[in-house]
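A.B. asks: Mind looking at a prediction? Sequence and model below.
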Amino acid sequence: MKFVNYLETITGVSVYPLSSLIIFTIFFTVATIWALKADKSMIDHISHIPLDGEEEA
């Protein structure tokens, strides 16, 4: 039996792809809005963290 046949036997399984799409869309939209509105100096500081080489304990 193929995996698709298992999914067809579950009642209400069509809700999961739709809810996953909605969650992804909301997350992507919020992340995009945050990136556009974020302070440029903070983004510049964050982008240089891997290159600093200093360890903060």
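C.D. replies: Here it is on my side, so go on. Residues are numbered from 1 along each chain as shown.

A.B. asks: Specify the next element, helix or strand, located C-terminal of whichever strand or helix holds residue 30.
C.D. replies: Using DSSP states H and E, residue 30 sits within helix 15-37. From helix 15-37 onward toward the C-terminus, using DSSP H and E, the following helix or strand is helix 40-52.

A.B. asks: got a list of contacts for that following helix?
C.D. replies: residue 35 (C-beta atoms under 8 Å, 6 or more residues apart in numbering). Where C-beta positions appear, they are placed from N, C-alpha and C, glycine not excepted.

A.B. asks: how about the CA coordinates for that helix, as PDB?
C.D. replies: Extracted C-alpha coordinates of helix 40-52, given in PDB (Å, rounded to 0.1, in the frame of the first residue of the first chain):
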ATOM      1  CA  LYS A  40      19.600  49.500   9.700                       C
ATOM      2  CA  SER A  41      22.300  49.800  12.300                       C
ATOM      3  CA  MET A  42      21.100  46.700  14.100                       C
ATOM      4  CA  ILE A  43      21.000  44.700  10.900                       C
ATOM      5  CA  ASP A  44      24.600  45.900  10.100                       C
ATOM      6  CA  HIS A  45      25.700  44.900  13.600                       C
ATOM      7  CA  ILE A  46      24.100  41.400  13.200                       C
ATOM      8  CA  SER A  47      25.600  40.900   9.800                       C
ATOM      9  CA  HIS A  48      29.100  41.500  11.200                       C
ATOM     10  CA  ILE A  49      28.800  39.100  14.100                       C
ATOM     11  CA  PRO A  50      30.200  36.000  12.300                       C
ATOM     12  CA  LEU A  51      33.100  38.000  11.000                       C
ATOM     13  CA  ASP A  52      34.200  39.600  14.400                       C
END
